[in-house]
Every structure is written in structure tokens, then in C-alpha cells.
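K.L.:
Sequence first, then the predicted structure:
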Amino acid sequence: NVRICPAPDSREQVTISTSMLVIRKCEVLLEGLHVHSNSGPEDSDAISVESESTCTIRMCVIRSDRGSGVVVSGASSVAKLDSSTVEGCSKYGVLVQDGGSLTAKDSSFLKNTKAGILSRGSKSSADISNCAVSENASNGVGVDEGGAVKIEATKISNNQNCGCMASGLNSRLTLKDVQALNNGSHGVAAAGRAVLTT
């Protein structure tokens with residue numbers, strides 16, 4: 001297990017500036033950091049979690065100028081966000097794909113160019129609670145191609161398209177105590193034989 005955090009007596013903001021931080025075949029805790037992907041090729045995501053890894057992101061601020069904030073790829077790859085902010089990414093705030101999974105609580109997904117959170121593909125999943133998803137230039141939260149998203153006690157507002165969008169056969173969106181307010185198109189929408197549960 002690896003833990004990356006400021007020194008216990010540090011009062012300085014610690015920023016990791018990188019083209020991409022890749023988490024592969026290990027367990028990592030990122031705590032109290034600013035992670036900013038501001039160089040490298042196009043599609044340079046700030047944090048990539050892959051190859052059966054688990055990355056816990058606690059009290060961090062994440063941004064990518066050239067890709068997504070966090071990408072979780074592959075079965076048994078897990079990202080856990082707690083009290084963190086993913087903002088201003090040039091693609092998705094968080095993209096979960098190829099069977100990866102996300103749990104997010106007490107976190108914010110703001111002002112990303114695509115969806116704040118997208119779960120894409122069969123066996124990909126996202127579990128979101130007590131979060132804020134706002135001012136993204138596409139949907140707030142999306143699920144497609146058979147993925148699954150569960151959202152509880154979360155405010156989803158002022159996104160350019162839908163607050164929550166489920167599309168495609170067997171895509172599943174489950175909502176409980178969700179406020180979807182002032183989104184550009186619909187608060188909540190489902191299409192293409194997606195399953196919506198409230």
C-alpha cells in the first residue's frame with residue numbers, strides 16, 4: 001500500500017503537476033493534495049486507475065487541462081472519492097469504463113467540459129452520495145452502454161444538458177433523494193431502453 005500526502009507538520013498546499021498519475025496493480029491513498037495534469041499529449045488524464053488497482057482520494061482537488069480528472073478502467077479497478085473536488089477538466093470529471101467502479105461521497109464535480117461523472121459499459125458502476133454535480137458543459141451524471149449509477153442525497157444543478165441521463169440497453173440509473181435543478185435540458189432522462197428507478 002502507498003500513501004501520498006503532505007508531511008504532518010506542513011502548512012503549504014502540495015500540488016502534483018504531471019502529465020498523468022497512473023495507479024496500476026496496487027492500492028494507493030491520495031490525501032490532502034492538488035493533482036493537476038497540465039502537460040503531455042492529448043487525453044492526459046490527471047489520475048488513471050487500472051489493472052485491478054484501488055485508489056482512495058481524500059480531501060483532494062483534481063483537474064486536467066488535457067483530459068479527464070479520474071479514469072477508472074477494467075474489472076476490479078476502484079476509485080473511492082471522499083471530500084474531494086474534481087473541476088475544470090477538459091473532458092469528464094470522472095469516467096468509469098470497462099468494468100471499473102467508483103464510489104463518491106461528500107465530493108463535488110464542477111465545470112467539466114463533458115459530464116461530471118459517466119459510467120460507461122457493462123459492469124461499470126458508480127455509487128454517488130451527498131455530492132454536488134454542477135455547471136458541467138454536458139450532462140451532470142451519465143450512464144450508457146449497460147453501465148450502472150446509483151445516486152443518493154445529491155444536488156445536480158445548472159448543467160448544460162441533462163442533470164442525469166441514462167441511455168442504452170440495460171443501462172441502470174437509480175435515484176433517491178436527488179435534487180435535479182436548473183439543468184439546460186431535463187432534470188432526469190432515460191432513453192434507448194435504459195432502466196430508471198426512483
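P.N.:
Sure thing, it's come through.
K.L.:
what does whichever strand or helix holds Ser17 rub up against?
P.N.:
Here Ser17, judged by DSSP states H and E, is contained in strand 14-18. Strand 14-18 has contacts (Cβ atoms under 8 Å, 6 or more residues apart in numbering) with 4-6, 32-40, 46. C-beta here means a position set from N, CA and C on the backbone, and glycine is covered the same way.
K.L.:
Distance to Gln179 for these - can I get that in JSON lines?
P.N.:
Below are these laid out as JSON lines (distance: Cβ to Cβ, whole Å):
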{"residue": "Ile4", "distance to Gln179": "34"}
{"residue": "Cys5", "distance to Gln179": "33"}
{"residue": "Pro6", "distance to Gln179": "34"}
{"residue": "Gly32", "distance to Gln179": "29"}
{"residue": "Leu33", "distance to Gln179": "30"}
{"residue": "His34", "distance to Gln179": "29"}
{"residue": "Val35", "distance to Gln179": "29"}
{"residue": "His36", "distance to Gln179": "30"}
{"residue": "Ser37", "distance to Gln179": "31"}
{"residue": "Asn38", "distance to Gln179": "33"}
{"residue": "Ser39", "distance to Gln179": "37"}
{"residue": "Gly40", "distance to Gln179": "37"}
{"residue": "Ala46", "distance to Gln179": "28"}
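K.L.:
Lowest-confidence entry in these?
P.N.:
Among these, Gly40 has the lowest pLDDT, at 77.
K.L.:
Could I get the contacting residues of that one?
P.N.:
18-20, 66.
K.L.:
switch to 6 Å and redo it
P.N.:
Ser19 (Cβ atoms under 6 Å, 6 or more residues apart in numbering).
K.L.:
which SS state does it fall under?
P.N.:
Secondary structure for Gly40, judged by DSSP: H, G, I helix; E, B strand; the rest coil, is coil.
K.L.:
Please state the backbone phi and psi of it?
P.N.:
Phi and psi for Gly40, reported as degrees, to the nearest 10, are phi 90, psi -180.
K.L.:
quick one: it and Cys26, what's the gap?
P.N.:
Distance of Gly40 to Cys26, computed by Cβ to Cβ, to the nearest Å: 21 Å.
K.L.:
what's the answer for Gly67, then?
P.N.:
21 Å.
K.L.:
Can you pick out the residue with more neighbours from those two?
P.N.:
Using other Cβ atoms under 10 Å as the criterion, Gly67 and Cys26 rank with Gly67 on top: 22 against 12.
K.L.:
was I right about that one contacting Asp43?
P.N.:
Yes: look at Gly67 against Asp43 with Cβ atoms under 6 Å: they come within range, at 4.8 Å.
K.L.:
Since that was my last question, I'll sign off now.
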